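Compute the structure for the input listed below.
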Amino acid sequence: MARRRTRSEANIWPGFVDGLSTLLLVLMFVLSIFVVAQFYLGDRLNTVKQELADKDSELTRLIAQINSLNDQLGLAQQQNDSLNAQILSLETTIEEKNDELTALAAALATSQSAVAASAEELEAERALSDEQKSEIATLNAQIAALRKQLASLQEALDAAEAKDLEQQAQIENLSQRLNAALARKVQELQEVRSRFFEEARNALADLPGVSVQGDRLIVSGDALFGSCQAALSPAASQSLNGVASAILEIDRRIKAQIAGRETDEQTQAIQNWIIRVDGHADSTPLGPGCAARFIDNKGLSAARALSVTRYLEGRGVPSNRLVASGLGSDFPIVGGYSASALAQNRRIEFKLTER
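Have a look, this model is predicted:
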């Protein structure tokens, strides 16, 4: 029994050794696989890193291309803005062309906003860039055409300016002729006025206070009217008959002078002559009785001037040759409030002038 136990105990060691060997082999195999896997994974990791680096480089290159495209488009925008500023400074005759250019600029701005899209749409952006280049080329062609049209317009303007200079010279010549004709008209009118003053003064010689000052024949109002009266006195009526005859004689002489030249422009001024009858009053307020008949001094002076013109019309003077106006006390010929000054300011003035 003791020997059997010893032999059994001795047989354990070979099996233990075999198991341990097998375990070591398994460990070695696992280690080998791990080393091989580690090497393979390291190589693969390096490959992935290299690919990522390549992708980063490609992305950097693409971003640089995008920036370059943006710079080119920005330069194109600046050129387009400069062209717009030049076109807007041209004459108003090409405003419709400016409208077309504005529309083209809007189309270009739309294309540029499309170019500013994300990097994911780069291929689409490139296609749009080609379209924009085509549009810019079209825009440049249209701008060249506009410049040609502007050159044509400038030539037309130069020709018009030359024609204007020629016409200006003609106008200056005509102006000189008109000035000479006007001087002749003034001379003729002055001669007619002198004859009228002479004959009218002779007709009014029996009345006191008759004088000629400049281009006006002045008759004292007291010689023609009673106090606060607008009706002519009998003596004044007889004197005004001579004035009416003088006016009719002037009308006859002027008609004889321009006979056959009635439609001539050079005779228009002398044909349009009139006798202006201006009534003047002094600055003294109207009394109660006079104020009941006339509103104020201007109303009294207007009534007196109208009375004179009505009388002259009754003596045959055409109504279109007479104009009556009441100026009241606004235009005194002497200052002060003395009886003499007030009497001088109460007056009727005859002035031969143009209508």
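
Next one: the nearest residue to residue 271 once chain neighbours are set aside from residue 251, what distance?
Closest residue in space to residue 271, ignoring its immediate chain neighbours: residue 258 at 6.5 Å, by Cβ to Cβ, 6 or more residues apart in numbering. Heads up, the C-betas are built off the backbone N, CA and C, glycines and all. Summarising the geometry, the distance separating residue 258 from residue 251, computed by Cβ to Cβ, to the nearest Å, is 11 Å.

cool, and residue 133?
Taking Cβ to Cβ as the criterion, residue 133 is separated from residue 251 by 86 Å.

Then residue 165?
Using Cβ to Cβ, residue 165 is found at 46 Å from residue 251.

Give me the more crowded residue out of those two.
Taking residue 165 and residue 251 together and counting by other Cβ atoms under 10 Å, residue 251 has the greater number of neighbours (16 against 10).

Tell me how far the spatially closest residue to that one that is not a sequence neighbour lies from residue 255.
Nearest residue to residue 251, sequence neighbours excluded (Cβ to Cβ, 6+ apart): residue 321, at 6.8 Å. According to Cβ to Cβ, residue 321 stands 12 Å off from residue 255.

and those two? which has more neighbours close in?
Each of residue 321 and residue 255 had its neighbours counted (other Cβ under 10 Å), and the higher figure belongs to residue 321 (19 against 11).

quick one, phi psi at residue 276?
Listed backbone geometry of residue 276 is phi -90, psi 120, with angles given as degrees, to the nearest 10.

pretty sure it contacts residue 325?
Yes. Contact criterion Cβ atoms under 8 Å: residue 276 and residue 325 qualify, at 6.9 Å.

rewinding a little: and the residue nearest to residue 251, what is it in contact with?
Taking Cβ atoms under 8 Å, 6 or more residues apart in numbering as the criterion, residue 321 is in contact with 247, 251, 273-275.

Give me the subset of the residues you listed lying in helices.
Counting by DSSP state H, the part of those found in helices is 247, 251.

those strands in the stretch 251-355 of the chain, which residues are they?
273-280, 322-326, 347-354 (DSSP state E, counting those that start in this stretch).

what's the neighbour count on the residue nearest to residue 271?
When neighbours are counted by other Cβ under 10 Å, residue 258 comes out with 17.

Going forward, the N-terminal residue is numbered 15.
From this message on, residue numbering opens at 15, which makes the last subject residue 272.

Show the residue spans covered by the helices in the chain.
Taking DSSP H as the criterion, the chain carries its helices at 16-24, 26-102, 109-129, 136-217, 235-238, 248-271, 282-285, 302-305, 311-328, 353-359.

I'd like those written out as a markdown table, with mean pLDDT and distance to residue 224 added.
Rendered in a markdown table, the data for the helices of the chain read as follows (pLDDT from 0 to 100; distance: least, Cβ to Cβ, whole Å):
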| stretch | mean pLDDT | distance to residue 224 |
| --- | --- | --- |
| helix 16-24 | 52 | 184 |
| helix 26-102 | 83 | 72 |
| helix 109-129 | 71 | 69 |
| helix 136-217 | 71 | 6 |
| helix 235-238 | 88 | 8 |
| helix 248-271 | 84 | 9 |
| helix 282-285 | 65 | 26 |
| helix 302-305 | 89 | 25 |
| helix 311-328 | 94 | 14 |
| helix 353-359 | 91 | 12 |
